[in-house]
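Chemist: Here you go, sequence then predicted model.
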Amino acid sequence: MFDIVPPSAIREGRATDAYFDRTLTTLADADVDPHVVAEVTADQFPTGEFELFAGVEDAAELLAERSIDVDALREGQLFDGGPVMRIEGRYTEFARLETTLLGFISHASGIATNALHARRVAPDSQLLSFGARHVHPSMAAVVERAALVAGFDGFSHVAAGELLGREASGTMPHALVLCFGTGEQETAWNAFDAAVSEDVPRIALCDTFSDETDEVLRAAETIDLDGVRIDTPSSRRGDFRHIAREVRWRLDAEGFEDIDVFLSGGLGPADLRELRDVADGFGVGGYVSNADPVDFALDIIEIDGEPIAKRGKLSGRKDVYRTEEGAHRVRPASESSSDESLLKPLVRDGEIVREFDIDAAAERALADAERVGFGTDD
């Protein structure tokens, strides 16, 4: 057994904080169960710091089959203040789900936001998510889906790929080369070429025992390569940009212009900006997977048709809009507007009324990022 809360506990509402159980016990004993409207927000007003909304499919699955209506932003929508989700129904229908609901969207949105920062600074590079090893394995598919929603080209985790219907990427680790012994890089590369299926790209890892340029040229002369990957640790790296430029120069000089150069190893947006013109692609790990969750909260803002809120929160239903200039606006839902609300039906009387498509979400994220100028300061 692993320390993983099972899906049954999540669906049944047992993956909750204890005070929600005690709240439901108290309400039942007092025969109180009002019709409420609740909103999920990170910031009540725009701050100028956009974040990317993700985790919506899991949220919909959690809230389905309950007598509630839910409106939410679309997966891959950028937001800056105001509600990202609105839930309406009897409070006891969803009270115990708050802990899990916030966890679903908080973690996924934080990961997707960081991934979008990386995508924006390297728009023409191939980006792969390599960060699953930094998180609990129960989170792997969340990380990889969020990266795809942000426009990444692929990811490394096999089980996540099975869940998401995508083929995992990746060729060889240093361990493969090490297993063949010191100075036996050619043997390792040949063995890999002979063993893996033809549809797997031939990308050789070229920094295990000797100088990166030396191993790159040796690999290029050993097997028919699609690319090489440099993953030199920062303690030995020196000027990574110079290394990548030298590798590219030597490959071109030796007639290997078609071999791509990929870089990995603790890279973030600043690194991608510096290296994007000397590499064809990047593996990005901890910067994406270790992102801070977005600090969402769920608050009741209406009871039995009357606006209400705790201190410090805004009462009454609200809508959010995107202006033609790309700004995010928060208004009372009762206020007429010619703009179209970004909150769209997600669940109606317990039925999911939206389809989910990762590629469409990624297109939305990239288009919205362009519209609002997301990541221009990275």
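Modeler: Yep, it's here. Residues are numbered from 1 along each chain as shown.

Chemist: what's the burial count for Leu343?
Modeler: Neighbour count for Leu343, taken as other Cβ atoms under 10 Å: 24. Yep, even glycine has a C-beta here, placed from its N, CA and C like the rest.

Chemist: and the gap between it and His328?
Modeler: 12 Å (Cβ to Cβ, to the nearest Å).

Chemist: intersection of neighbour lists for those two?
Modeler: Residues within reach of Leu343 and of His328 at once, by Cβ atoms under 8 Å, 6 or more residues apart in numbering, are Val320.

Chemist: So which residues of the stretch 1-150 of the chain form helices?
Modeler: For the stretch 1-150 of the chain, the helices defined by DSSP state H, counting those that start in this stretch cover 7-11, 18-30, 56-63, 91-94, 98-121, 140-149.

Chemist: These into CSV, with extra columns for mean neighbour count?
Modeler: Below are the helices of the stretch 1-150 of the chain laid out as CSV (neighbours: other Cβ atoms under 10 Å):
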stretch, mean neighbour count
helix 7-11, 13
helix 18-30, 12
helix 56-63, 22
helix 91-94, 19
helix 98-121, 25
helix 140-149, 27
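
Chemist: Tell me which of these lies nearest to Arg317.
Modeler: helix 91-94 (15.8 Å; Cβ to Cβ).

Chemist: what packs against the closest one?
Modeler: Judged by 3 or more Cβ pairs under 8 Å, 6 or more residues apart in numbering; DSSP states H and E, the packing partners of helix 91-94 are helix 18-30, strand 35-41.

Chemist: Let's have those in a markdown table, adding mean pLDDT and distance to Arg348.
Modeler: Formatted as a markdown table, these follow (pLDDT from 0 to 100; distance: least, Cβ to Cβ, whole Å):
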| stretch | mean pLDDT | distance to Arg348 |
| --- | --- | --- |
| helix 18-30 | 98 | 24 |
| strand 35-41 | 98 | 15 |
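
Chemist: got these as TSV, with distance to Ala191 columns?
Modeler: Output for these, formatted as TSV (distance: least, Cβ to Cβ, whole Å):
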stretch	distance to Ala191
helix 18-30	55
strand 35-41	52
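
Chemist: Mind checking these for the one nearest to Glu186?
Modeler: So among the helices and strands packed on helix 91-94, strand 35-41 is nearest, using Cβ to Cβ, at 55.9 Å.

Chemist: ok, that closest one: who's next to it in the sheet?
Modeler: Sheet pairing for strand 35-41, assigned by DSSP bridges, gives strand 83-90 (antiparallel), strand 297-303 (antiparallel).

Chemist: Right, I'll leave it there.
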